[in-house]
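quick one, what's the 3D model for this:
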Amino acid sequence: MPVPGGYSIKTYRYLRMAMIAMIVLLGASLVIEWAKTDPHCLQNSISAYYYTPVRAIFVGSLITIGVCMVVLKGNTEPEDILLNVAGILAPGVALVPTPGRGTCHSVPVDLGDAAANVSNNMLALFIIAVPCLVVAAIFIIRDRIQHPNQWTWMYVVGLAVSALIFGGGLVWFFADREGFIDNAHYAAAITMFLCIIAVVLLNAEQFRRKQRKHAVPHSPANRYSVIALLMVVAPLVMVGWKALFGWQHAVLWIEGTLILLFAAFWVSQTQELWNDGIRQELPRSQATPSPLRSSSVE
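Purely as a prediction, here's the structure:
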């Protein structure tokens, strides 16, 4: 009979592969919509495809990716907090559309009252956030009582950051509804991408330590460092090009590049951690072996 840890690692793998599937799903939907328009006709951003037949896939995939990022445990507490923040913001990116509708649609899309959609959807999101935060606080208190040696104040920091995001968003939502509808998408999207880049940078450093510890001869290049470098340099180059020469679709290409690089990072990390779930060579993991570690091969 398989050990209980085997079920945990399989669930971990499925969640990770679900995120990859959602990125591919969104990409496929975007390509299908693009194929039905003039080849030179593109929306100014991926988010603007909310106003095309892509909308259902765009919203659904982002919410699913957000849930997976919150549910999955990061290798370290800082990484876990960054994943949680990115996951919390992803539904906001999906549910609050960018103000610019663009002109490249295969067919006209009737959105009804966009402001009413945002008001309904975001209020529902804020309502569900309250019990989620309460449950998280209960888990933190329970862990503090049952496992005082493993407990860390970073748990409280993570909860406080999540509460701050939801609380700040809620105040903004009620105090300045028009401003929220016009700007919340950009605030959530930029912060989400910054958190993702920070996660890749953390993994680059962790993987460097892993290579140094094991001292493997002719070890391959640090793949996370390559991805992190591209995530930082590529958007800067594109922003610079837009500033110098003008580029209508700069945001579209920046978003697309970051999403593809994130997919490459996630595939790479999934492959690395396929049997472990959490990196075992990190100091904290050495002191407290991951309950997800499994030698089972699927």
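
helices of the chain, residue ranges please.
In the chain, helices defined by DSSP state H lie at 4-35, 55-71, 77-95, 114-146, 154-175, 177-214, 223-245, 250-272, 283-287, listed in chain order.

would CSV of these with mean pLDDT and mean neighbour count be doable?
The way it works is simple: take the backbone N, C-alpha and C, and place the C-beta from them, glycine included. Conversion of the helices of the chain to CSV gives the following (pLDDT from 0 to 100; neighbours: other C-beta atoms under 10 Å):
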stretch, mean pLDDT, mean neighbour count
helix 4-35, 89, 16
helix 55-71, 95, 20
helix 77-95, 94, 23
helix 114-146, 91, 14
helix 154-175, 93, 15
helix 177-214, 90, 18
helix 223-245, 94, 15
helix 250-272, 94, 18
helix 283-287, 42, 12
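
between those helices, which one is nearest to G102?
helix 250-272 (9.8 Å; C-beta to C-beta).

now the angle between helix 77-95 and the closest one, please.
Going by axes from the mean of the first three to the mean of the last three C-alpha atoms, to 10 degrees, helix 250-272 is angled at 140 degrees with respect to helix 77-95.

what angle separates helix 250-272 from helix 177-214?
40 degrees.

what packs against helix 250-272?
In this structure, helix 250-272 makes packing contacts with helix 4-35, helix 177-214, helix 223-245, judged by 3 or more C-beta pairs under 8 Å, 6 or more residues apart in numbering; DSSP states H and E.

could I get the helices of the chain in TSV, plus columns for distance to T103?
TSV is the format used below for the helices of the chain (distance: least, C-beta to C-beta, whole Å):
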stretch	distance to T103
helix 4-35	13
helix 55-71	16
helix 77-95	22
helix 114-146	17
helix 154-175	30
helix 177-214	19
helix 223-245	19
helix 250-272	13
helix 283-287	51
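
quick one: closest of these to V107.
Per C-beta to C-beta, nearest to V107 of these: helix 4-35, 9.6 Å.

so which elements touch that closest one?
So helix 4-35, by 3+ C-beta pairs under 8 Å, 6+ apart, packs with helix 55-71, helix 250-272.

tilt between it and helix 55-71?
Angle, helix 4-35 to helix 55-71, by the same axes, to 10 degrees: 150 degrees.

and helix 4-35, how far from the chain's centre?
12 Å (C-alpha atoms, centre = their mean, to the nearest Å).

next: stretch 38-52.
A distance of 22 Å separates the centroid of the chain from that of stretch 38-52, by C-alpha atoms, centre = their mean.

and stretch 187-202, by the same measure?
Distance of stretch 187-202 from the chain centroid (C-alpha atoms, centre = their mean) equals 8 Å.

run through who's touching it.
Residues from elsewhere that reach stretch 187-202 (C-beta atoms under 8 Å, 6 or more residues apart in numbering): 47, 74-76, 78-79, 82-83, 85-86, 89-90, 92-93, 96, 224, 227-228, 231-232, 255, 258, 261-262, 265.

if we can go back for a sec, of the helices of the chain, which approaches S106 most closely?
helix 4-35 (5.7 Å).

ok, now which ones touch F166?
Taking C-beta under 8 Å, 6+ apart as the test, what F166 contacts is 88, 126, 129, 133.

how close does the last one get to I63?
Distance of L133 to I63, computed by C-beta to C-beta, to the nearest Å: 18 Å.

ok, and the closest non-adjacent residue to V107?
Using C-beta to C-beta, 6 or more residues apart in numbering and skipping residues adjacent in sequence, the residue nearest V107 is P53, 6.6 Å away.

from H40, how far off is the residue nearest to L111 when sequence neighbours are not counted?
Spatial nearest neighbour of L111, excluding adjacent residues (C-beta to C-beta, 6+ apart): Y51 at 6.7 Å. Plainly put, Y51 is 19 Å away from H40 if you go by C-beta to C-beta.
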